[in-house]
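[1] Below is the structure, and that's it, no one-letter string:
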């Protein structure tokens, strides 16, 4: 994913409870102790040529196996005493014109979660104010644009609104193939940018939208950066943390 500042107001710490495409739900054995936190999801784009983190929860101290279909061998890790785990796998370079789909199987204690219909390409994080919220259906000639938007090589994720002063573990958004139905309410700037990239690069493109109208640039600066600068801390961070609204969680969508 292209580097983006951590968000204080709109948190883009994304976990996706992965679903099996043909069943529409997580694969469980005896219980639901094995979970992937809600960015890891079927239909997503995995960033090419970068280490890819796969994380979630399992039974405390349980062994967890992660097997992407592009790797000859699985990786084996252990959950900590609280059941948290994170594994890192290598991802190959995307090949021009290669739109083959992939799978990742995560298993622990006879439980399995399958991520399928995955593409390897470039992943972009889209954020900002109302200009980024402006939707495809609001564009000039939107009818023609929407009608021509069926492109399974582009994948879309709208994470919805998640206000929190701390990173959150779960979001409500779902990864979807780009289609006329799915693109209609997506960011016009984001889709236009992604569609052009996909045509010119001829590789899969993933677009993650997380924007809030009227948000300030300081909301996209890592909290520790604001805290370590006396001026930024005094002008931006401290007033925000002292505001009672910063303690009130808001989940819309």
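    Arrived safely. Just so it is clear, the structure is predicted and the values come from calculations on it, not from any experiment.
[2] Please enumerate the strands of the protein.
    35-36, 45-47, 52-57, 63-68, 75-78, 84-89, 102-108, 111-126, 151-158, 161-163, 176-178, 205-209, 250-252 (DSSP state E).
[3] can you tell me which of those the model trusts least?
    The minimum mean pLDDT among these belongs to strand 250-252 (a mean of 52).
[4] Is residue 80 in contact with residue 62, as I believe?
    No - between residue 80 and residue 62 no contact is recorded; they are 9.9 Å apart, counting by CB atoms under 8 Å. From N, CA and C alone the C-beta is placed, and that goes for glycine too.
[5] So between those two, which is more surrounded?
    residue 62 (18 against 13; other CB atoms under 10 Å).
[6] Please report how far that one lies from residue 85.
    8 Å (CB to CB, to the nearest Å).
[7] Identify the contacts common to the two.
    78, 79 (CB atoms under 8 Å, 6 or more residues apart in numbering).
[8] by contact count, what packs against the longest helix anywhere in the chain?
    Determined from DSSP state H, the single longest helix within the chain is helix 188-201. When contacts are defined as 3 or more CB pairs under 8 Å, 6 or more residues apart in numbering; DSSP states H and E, helix 188-201 packs onto strand 111-126, helix 130-133, strand 151-158, strand 205-209.
[9] which of the ones you listed is buried the deepest?
    Ranked by mean neighbour count, the helices and strands packed on helix 188-201 are led by strand 205-209 with a mean of 25 (mean count of other CB atoms under 10 Å).
[10] Just checking: what are the partner strands of that one?
    strand 111-126 (parallel), strand 151-158 (parallel) (DSSP bridges).
[11] Please find the angle between the direction vectors of that strand and helix 188-201.
    Counting by axes from the mean of the first three to the mean of the last three CA atoms, to 10 degrees, strand 205-209 lies at 170 degrees to helix 188-201.
[12] Distance of residue 203 relative to residue 175?
    17 Å.
[13] Settle it for me: which of these two has more neighbours?
    The neighbour comparison of residue 203 against residue 175 (other CB under 10 Å) goes to residue 175, with 24 against 21.
[14] Please verify my assumption that residue 139 contacts residue 145.
    Yes - here residue 139 reaches residue 145: they are 5.9 Å apart, a contact under CB under 8 Å.
[15] Looking at the two, which one has more neighbours?
    Shown here are residue 139 and residue 145; by other CB under 10 Å, residue 145 has more neighbours (19 against 16).
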